[in-house]
Structures are given as C-alpha cells and as structure tokens.
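Student: fold the stuff below for me.
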Amino acid sequence: MTCVHGDLRQVIFNGKNEILFKIPNFCICDPIFERNYDDIKNKNENISEKNIVIIICYFDNKNEKKEKKIENITNKTMVINVKKKFAEIMGIDLNKNKIRLFYKGIELLDDNLLFYDKIDNMAKIQCVISNVDKE
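Tutor: Down below sits the predicted model:
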C-alpha cells in the first residue's frame, strides 16, 4: 500500500490508482491532552441560548461519506443528547453501538454542552460508530 501523493489520509494498493480507503484526520493525529472547562462552565449563565443546526458527517456501510442534519437543538444541548438524537434518526441501538463525536479533531465529551467546544450553527461534526459487545 502507498499513500496518495504523500497524503496519509488516502491509501492505495501499489500498482493501482484506486483509493483503497480514506482515513479521517482524527485517526491520524488524535491529540491527547487534558482540557480544562472550568472557566467556560463558570460563564454558563452569561452565555445566551440560541437555536442551532449541526451536521454529523459519517461513513455508511459502503464506505461513502454521508451527512445528517441535527435540528431543534441549542448551543446549550449536552453532547450525550446529540448522540441520542442522531441514534434515533439513524435507527442505531446504543446498547449495541458506541457513537463518538469529534469537532476539529477533539472528541466531544458526553457531559459537556455544545458551546464548551465553540460549536455554532452549521458546524460539521465527525462521527465514528463502533459495535460494542455488552454482556
């Protein structure tokens, strides 16, 4: 396998010019650092609530990029509620699957409000869905 034009995000088999798969940025460079939301949480009362629409980007079973709009939420919606709404729209069983959301390369934490990560109207959020075996 070879990178396409030196781009780590696109990989092909040697001798073929077909792109084998595309790797999202957050899989290549997943920064690990501790974020401190204390200052933002203290300003929660001063932030005005506003209606927003976000776009969840994901790959379907055929490995094609798809997008789904999530409406009727605000900048003060918790991330876990966005995941639940996306799962409901897509028919995903959260007992059998795990949904991870990323914005600008950083994973969104379930207990945080969207404005903590400066998510605004029409923001594109990357989504990874994986199977989970719960016994």
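Student: drop to CA atoms for contacts and neighbour counts, all remaining ones
Tutor: Noted.
Student: which stretches of the protein have low pLDDT?
Tutor: Within the chain, the stretches with pLDDT under 70 are 1-34, 133-135.
Student: if you set the cut-off to 80 instead, what comes out?
Tutor: Where the chain drops to pLDDT under 80, the residues are 1-37, 39-45, 61, 133-135.
Student: please enumerate the strands of it.
Tutor: For the chain, the strands defined by DSSP state E cover 2-4, 7-12, 19-22, 51-59, 65-74, 97-103, 106-107, 124-131.
Student: figure out which of those strands is closest to K43.
Tutor: Nearest to K43, of all the strands of the chain, is strand 65-74, at 16.4 Å by C-alpha to C-alpha.
Student: in its sheet, what does the closest one sit against?
Tutor: strand 51-59 (antiparallel) (DSSP bridges).
Student: now the angle from the strand it pairs with to strand 97-103?
Tutor: Relative orientation of strand 51-59 versus strand 97-103 (axes from the mean of the first three to the mean of the last three C-alpha atoms, to 10 degrees): 120 degrees.
Student: okay, the angle between strand 51-59 and strand 124-131?
Tutor: Computed by the same axes, to 10 degrees, the angle separating strand 51-59 from strand 124-131 equals 50 degrees.
Student: list of residues touching the longest helix seen in the chain?
Tutor: If you go by DSSP state H, the chain has its longest helix at helix 79-90. For helix 79-90, the external contacting residues (C-alpha atoms under 8 Å, 6 or more residues apart in numbering) are I70, D93, L94, I99, L101, L108, L109, D110, D111, N112, L113, L114.
Student: same list (these) but as CSV, adding distance to I52.
Tutor: Listed next are those as CSV, based on distance: C-alpha to C-alpha, whole Å:
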residue, distance to I52
I70, 9
D93, 25
L94, 24
I99, 21
L101, 17
L108, 17
L109, 19
D110, 18
D111, 18
N112, 16
L113, 13
L114, 10
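Student: give me the domain ranges for the protein.
Tutor: 1-29, 43-131 (automatic domain parsing).
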